[in-house]
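J.: Predicted model and sequence follow; I will ask about them next.
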Amino acid sequence: MSELATPALMVVGAAVVALFARRVGSFFQPKAGRRDLPRHLGSLMLNPKCSVALVQAGSETLLLGVTAASVTLLAKLPPSGEPAPEESSDDAESRLQ
């Protein structure tokens, strides 16, 4: 009898694990209609304590500065397909100083 019980228990156990994984996996997947949640597009580590991150929030793309203590908005980027606004040379020079 135990010769048949072991494989049967293994099959039942595998089915339970598969159902649990399916239910838990769907919990972590974004819902189909939820496009308003922020989405991480990428990060660049500048040093061990500082990085920049690109985040999609709704229709806006945000460039964020990230440290252990804070998150700072560095720039709002134009939607893809739109050219970036040109800045004058005076603006660029004042930022460098």
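T.: Happy to help now that I have it. Numbering: from 1, shown residues only.

J.: Quick check, residue 68 in contact with residue 47.
T.: No - with contact defined as Cβ atoms under 8 Å, residue 68 does not reach residue 47; the gap is 11.5 Å. Every residue, glycine included, has its C-beta placed from N, CA and C.

J.: Regarding the chain, what is its longest helix?
T.: helix 2-28 (DSSP state H).

J.: Could you look up the next helix or strand downstream of it?
T.: strand 39-47 (DSSP states H and E).

J.: what sits up against that next one?
T.: Here strand 39-47 makes contact (Cβ atoms under 8 Å, 6 or more residues apart in numbering) with 51-57, 61, 66.

J.: tilt between the next helix-or-strand element following that strand and strand 39-47?
T.: As assigned by DSSP H and E, the chain's next helix or strand after strand 39-47 is strand 50-57. Angle between the axes of strand 50-57 and strand 39-47 is 170 degrees (criterion: axes from the mean of the first three to the mean of the last three Cα atoms, to 10 degrees).

J.: could you say what helices and strands strand 50-57 packs with?
T.: Judged by 3 or more Cβ pairs under 8 Å, 6 or more residues apart in numbering; DSSP states H and E, strand 50-57 is in contact with strand 39-47, strand 60-67.

J.: try it again with 10 Å
T.: strand 39-47, strand 60-67, strand 71-77 (3 or more Cβ pairs under 10 Å, 6 or more residues apart in numbering; DSSP states H and E).

J.: Convert the C-alpha atoms of the last one to CSV, please.
T.: Written as CSV, here are the backbone C-alpha positions of strand 71-77 (Å, rounded to 0.1, in the frame of the first residue of the first chain):
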residue,chain,number,x,y,z
VAL,A,71,14.5,61.3,-2.8
THR,A,72,14.8,64.5,-4.8
LEU,A,73,13.1,65.4,-8.1
LEU,A,74,15.9,66.4,-10.5
ALA,A,75,13.9,66.8,-13.7
LYS,A,76,10.6,66.1,-15.4
LEU,A,77,11.4,64.6,-18.8
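
J.: Right, I'll call it a day here.
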